[in-house]
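S.K.: just coords:
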């Protein structure tokens with residue numbers, strides 16, 4: 001116009017559907033996030049890859065700036081979901097999770113992966129703990145209720161130090177929740193007692209430990225499972241109702257029955273729908289946590305009376 005050349009700057013984020021499970025809207029949103037990272041990285045075209053936002057690694061300064069921005073601008077939301085005792089009719093504790101909001105990262109797992117690459121893991125862990133624990137302490141109805149706090153093996157080095165600096169942490173009934181897949185990735189067959197000793201050192205500080213299992217089979221040596229105070233079994237499956245019923249029955253046989261010999265509480269979580277919930281309750285599982293029963297919320301809320309009645313009817 002009038003001799004001036006107008007320039008439009010474009011960045012393209014490419015998401016192959018086979019690499020990203022989700023709805024069409026989810027795929028588009030991920031492509032937008034990838035394109036934004038391409039802009040920040042001065043790349044015209046970036047491809048999404050699970051576990052990394054692109055095939056082109058961003059420079060550490062860009063990562064650090066983004067992780068620090070998320071922390072400083074409080075772009076994290078915190079949620080709690082009750083764990084219900086079918087027998088006693090009481091809430092024994094809460095699962096907690098944090099989610100990034102208005103960021104490039106689609107999940108906390110992705111954000112932690114990036115923080116690990118930029119040496120921001122400790123700062124992120126501290127931020128999560130400092131925001132989660134006060135909500136739990138102030139809003140829980142019973143001091144015996146536990147907070148099942150998700151942790152990674154790589155966070156072990158600063159985990160206890162972080163919580164030691166938090167007011168009332170030791171009196172808050174914290175249960176550190178490890179994933180079996182994460183434990184397996186750090187497991188050395190030549191030194192099986194290392195994990196057991198590590199869990200004992202955590203409990204020596206006044207905390208408890210739990211192991212999250214969702215792979216259908218036990219993948220660690222038997223003695224390792226004795227080191228945990230709780231087992232948390234995930235029952236999130238995709239597929240039709242009939243397929244889900246079959247998978248749950250298979251998981252009950254392959255996983256839960258093998259855990260019973262350890263004599264630890266087994267919590268069924270991520271149960272999709274009331275039909276699956278009823279199957280698990282009637283199978284004898286005593287502790288449940290489900291979006292259908294009582295969903296995650298940013299506040300610690302009472303369980304809907306209708307949900308309690310429905311579960312009570314299952315065990316009559």
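M.R.: That came in fine, so what should we check first? Note that this is a predicted model, so its numbers are computed, not measured.
S.K.: quick check, residue 261 in a helix?
M.R.: Yes. Counting by DSSP: H, G, I helix; E, B strand; the rest coil, residue 261 is found in a helix.
S.K.: and the pLDDT at it?
M.R.: Residue 261 carries a pLDDT value of 91.
S.K.: next one: the one 10 residues further on
M.R.: The confidence metric pLDDT takes the value 88 at residue 271.
S.K.: which residues of the stretch 151-300 of the chain score low on pLDDT?
M.R.: Scanning the stretch 151-300 of the chain for pLDDT under 70 picks out the ranges 238-242.
S.K.: ok, which stretches of it are strands?
M.R.: All strands of the stretch 151-300 of the chain, identified by DSSP state E, counting those that start in this stretch, fall at 174-179, 208-213, 230-234, 266-269, 287-289.
S.K.: all helices of this structure, in order?
M.R.: 24-40, 60-72, 108-117, 121-139, 156-164, 180-185, 193-204, 222-225, 241-251, 257-259, 274-282, 305-314 (DSSP state H).
S.K.: next, the buried residues of the fifth one.
M.R.: Counting neighbours by 16 or more other C-beta atoms under 10 Å, one finds that the buried residues in helix 156-164 are 159, 160, 162, 163. Every residue, glycine included, has its C-beta placed from N, CA and C.
S.K.: before we move on, what about the third one?
M.R.: Of the residues in helix 108-117, those with enough neighbours to count as buried (16+ other C-beta under 10 Å) are 108, 110, 111, 112, 113, 114, 115, 116, 117.
S.K.: cool, stretch 134-143 as well?
M.R.: 135, 136, 137, 140.
S.K.: quick one, which of the strands of the stretch 151-300 of the chain is nearest to residue 33?
M.R.: Nearest to residue 33 among the strands of the stretch 151-300 of the chain is strand 174-179 (24.6 Å), distances taken as C-beta to C-beta.
S.K.: who does that closest one touch, helix- and strand-wise?
M.R.: strand 146-150, strand 208-213 (3 or more C-beta pairs under 8 Å, 6 or more residues apart in numbering; DSSP states H and E).
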